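Trainee: make a model of this:
(one chain, ligands or ions: 3)
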Amino acid sequence: MKEFFTSIPAIHYEGPNSKNPLAFKFYDADKIVMGKPMKKHLPFAMAWWHNLCAAGTDMFGRDTADKSFGAEKGTMAHAKAKVDAGFEFMQKLGIRYFCFHDVDLVPEADDIKETNRRLDEISDYILEKMQGTDIKCLWGTANMFSNPRFMNGAGSTNSADVFCFAAAQVKKALDITVKLGGRGYVFWGGREGYETLLNTDVKFEQENIAKLMHLAVEYGRSIGFTGDFYIEPKPKEPMKHQYDFDAATAIGFLRQYGLDKDFKLNIEANHATLAGHTFQHDLRISAINGMLGSIDANQGDMLLGWDTDEFPFNVYDATMCMYEVLKAGGLTGGFNFDSKTRRPSYTMEDMFHAYILGMDTFALGLIKAAALIEDGRLDKFVEDRYASYRTGIGAKIRSGETTLAELAAYAEKLGAPELPGSGRQEYLESIVNQVMFN
Ligand code: XLS
Ligand code: CA
Ligand code: CA
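Mentor: Ligands and ions are numbered 1, 2, ... in the order given. This is a model prediction of the structure:
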């Protein structure tokens, strides 16, 4: 078998003092953290599109990286070379999952029958590659935003014919996901939104998105898909306003249309921040609603208002992410690096450096989040902060054994309540710093 990354050895853990750029400093797959090996806490996934397809093109310039992998782009030989390169890449890094869009795997043909034939061929090839490895599919999805037919959305399109094409792509992407043992199936509603209300029937469009999702659930279950469906919220880009704005909005939508039993959320860091939230916020909202499914691990740039999909580097954010994940009891999905190297990082080494950075960042996040939980001061503070609801009138409020009149009488008897107690934010932040740099 041809080796693609000839200058790159298998990447191993060498510890925090290593200066080897091709070694993990913090990700130690078998190290036990809170009773489980790191690799079980952190089911990392490679994103087919960024790692094997995207080559640095942006709105102002063409490719900087060579992702031909020795084959002519746009051919099935290239599609297969990407599979070979992808598997070598994952094996060298010890990554056990991948995520894909249908059109990341094969070049899309003019006729959907031919695209589907190509998908059959490539998924047979991937399945063969999977034999003898522990690599599996984390989730699959259909790209229903790049082709011009989806300019007005997929489920939300004004054209019933386009809706059928969306249905056909979802059906095929589900077939392939199931065939490759996928843990989940994602709907990212890239163009499920609008540019202007002057031409848009929002209610009609949202009902149709829900219909497409119901049809997907029905079909998926009929072919033996037992995993979770996910909505991946994002507020904007490419559309000005996307319906799955953030976690809270997506949860409301899923409940409104009776999809909440089959769906969870795939939370992307950069999408949460575009919605004006922290990554941790959207994770918490998902978790408390029982809907934290999977994570797209990346980060945005505070100075830029778009989806930069950078490799995660911010250890504070990764720590608070892992804090939420640990408290939620882990993920049924995983951590997909929906991240791309910067355009000037165009070499094969850069692809590895990027994943080493991302995996080390999350390993550090895991270690520090576990330390915060074991330290216990944050949990204790939050517990104490609500102590007034454990006895007396507070307990009656919580158990529902009171009336508005009783509470009003209680307030009148008090005359005035004491101040509710300091939030101690600065003190708590100093605990976080102490744990981070200890
Ligand atoms: C784009 C999204 C996309 C989804 C999958 O912003 O992140 O890549 O993860 O369609
Ligand atoms: Ca994503
Ligand atoms: Ca993104």
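
Trainee: name the nearest residue to the residue in the stretch 51-200 of the chain positioned nearest to ligand 3, ignoring sequence neighbours.
Mentor: Sorted by distance to ligand 3 under CB to the ion, the residues of the stretch 51-200 of the chain start with Trp188, at 8.4 Å. Every residue, glycine included, has its C-beta placed from N, CA and C. Distance criterion CB to CB, 6 or more residues apart in numbering; nearest residue to Trp188, sequence neighbours excluded, is Glu232 at 4.1 Å.

Trainee: my read is that that neighbour contacts Asp244, right?
Mentor: Yes. Counting by CB atoms under 8 Å, Glu232 does reach Asp244; the two are 7.2 Å apart.

Trainee: spell out which residues are contacts of both of the two.
Mentor: In terms of CB atoms under 8 Å, 6 or more residues apart in numbering, Glu232 and Asp244 are both contacted by the residues Trp188, Gly189.

Trainee: so what pLDDT did whichever residue of the stretch 101-250 of the chain sits closest to ligand 2 get?
Mentor: Proximity of the stretch 101-250 of the chain to ligand 2 (CB to the ion) peaks at Glu232, 5.5 Å away. On pLDDT, Glu232 comes in at 99.

Trainee: now it: how far from Arg62?
Mentor: 28 Å (CB to CB, to the nearest Å).

Trainee: out of these two, which sits in the busier spot?
Mentor: Glu232 (23 against 8; other CB atoms under 10 Å).

Trainee: right, and the residue of the stretch 51-200 of the chain closest to ligand 3 touches Thr141 too?
Mentor: Yes. Using CB under 8 Å, Trp188 makes contact with Thr141 at a distance of 6.5 Å.

Trainee: find me the pLDDT at the residue in the chain that ligand 1 sits nearest to, would you?
Mentor: For the chain, the nearest residue to ligand 1 under the criterion CB to the nearest ligand atom is Trp188, separated by 3.6 Å. With respect to pLDDT, Trp188 has a value of 98.

Trainee: quick check: buried residues in whichever strand or helix holds Arg117?
Mentor: Following DSSP states H and E, one finds Arg117 within helix 112-130. Residues of helix 112-130 classed as buried: Thr115, Asn116, Arg118, Leu119, Ile122, Ser123, Tyr125, Ile126, Lys129, Met130 (neighbour count, 16 or more other CB atoms under 10 Å).

Trainee: check stretch 278-289 too.
Mentor: Thr278, Phe279, Gln280, His281, Asp282, Leu283, Arg284, Ile285, Ser286, Ala287, Asn289.

Trainee: which of those are close to ligand 3?
Mentor: Checked against ligand 3 using CB under 5 Å from the ion, the buried residues of stretch 278-289 yield no neighbours at all.

Trainee: and of the residues you listed, the nearest to ligand 3?
Mentor: Phe279 (12.3 Å).

Trainee: I'd say that closest one and Ala269 touch.
Mentor: Yes. With contact defined as CB under 8 Å, Phe279 counts as touching Ala269 (4.1 Å).

Trainee: show me where the stretch 51-200 of the chain has strands.
Mentor: 97-101, 136-141, 184-187, 193-194 (DSSP state E, counting those that start in this stretch).

Trainee: now those strands as JSON lines including mean neighbour count?
Mentor: Listed next are those as JSON lines, based on neighbours: other CB atoms under 10 Å:
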{"stretch": "strand 97-101", "mean neighbour count": "26"}
{"stretch": "strand 136-141", "mean neighbour count": "26"}
{"stretch": "strand 184-187", "mean neighbour count": "26"}
{"stretch": "strand 193-194", "mean neighbour count": "22"}
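
Trainee: any chance of these in TSV, plus distance to Val217?
Mentor: Below are those laid out as TSV (distance: least, CB to CB, whole Å):
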stretch	distance to Val217
strand 97-101	20
strand 136-141	15
strand 184-187	9
strand 193-194	22
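
Trainee: quick check on the closest residue to Phe24 other than its chain neighbours: phi, psi?
Mentor: Counting by CB to CB, 6+ apart, Phe24 lies nearest to Tyr13, which is 4.4 Å off, once chain neighbours are set aside. Dihedral angles phi and psi of Tyr13 (degrees, to the nearest 10) take the values phi -80, psi 130.

Trainee: what sits in contact with each of Phe279 and Ala269?
Mentor: Joint contacts of Phe279 and Ala269 (CB under 8 Å, 6+ apart) are Gln299, Asp317, Cys321.

Trainee: okay, these in TSV with distance to ligand 2 and secondary structure next?
Mentor: Shown next, in TSV, are those (distance: CB to the ion, whole Å; DSSP: H, G, I helix; E, B strand; the rest coil):
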residue	distance to ligand 2	secondary structure
Gln299	12	strand
Asp317	16	helix
Cys321	15	helix
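
Trainee: which of these lies closest to ligand 3?
Mentor: Nearest member of these to ligand 3, counting by CB to the ion, is Gln299, at 10.2 Å.

Trainee: tell me how far that closest one lies from Thr308.
Mentor: For Gln299, the distance to Thr308 - CB to CB - is 8 Å.

Trainee: same deal with Glu207?
Mentor: 33 Å.

Trainee: the more surrounded of those two?
Mentor: Thr308 (17 against 14).

Trainee: what separation do you get for the more buried one and Val315?
Mentor: 18 Å.

Trainee: how about the buried residues of helix 112-130 in TSV, adding pLDDT and distance to ligand 3?
Mentor: TSV is the format used below for the buried residues of helix 112-130 (pLDDT from 0 to 100; distance: CB to the ion, whole Å):
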residue	pLDDT	distance to ligand 3
Thr115	98	24
Asn116	98	27
Arg118	99	26
Leu119	99	24
Ile122	99	24
Ser123	98	25
Tyr125	98	28
Ile126	98	24
Lys129	98	27
Met130	98	26
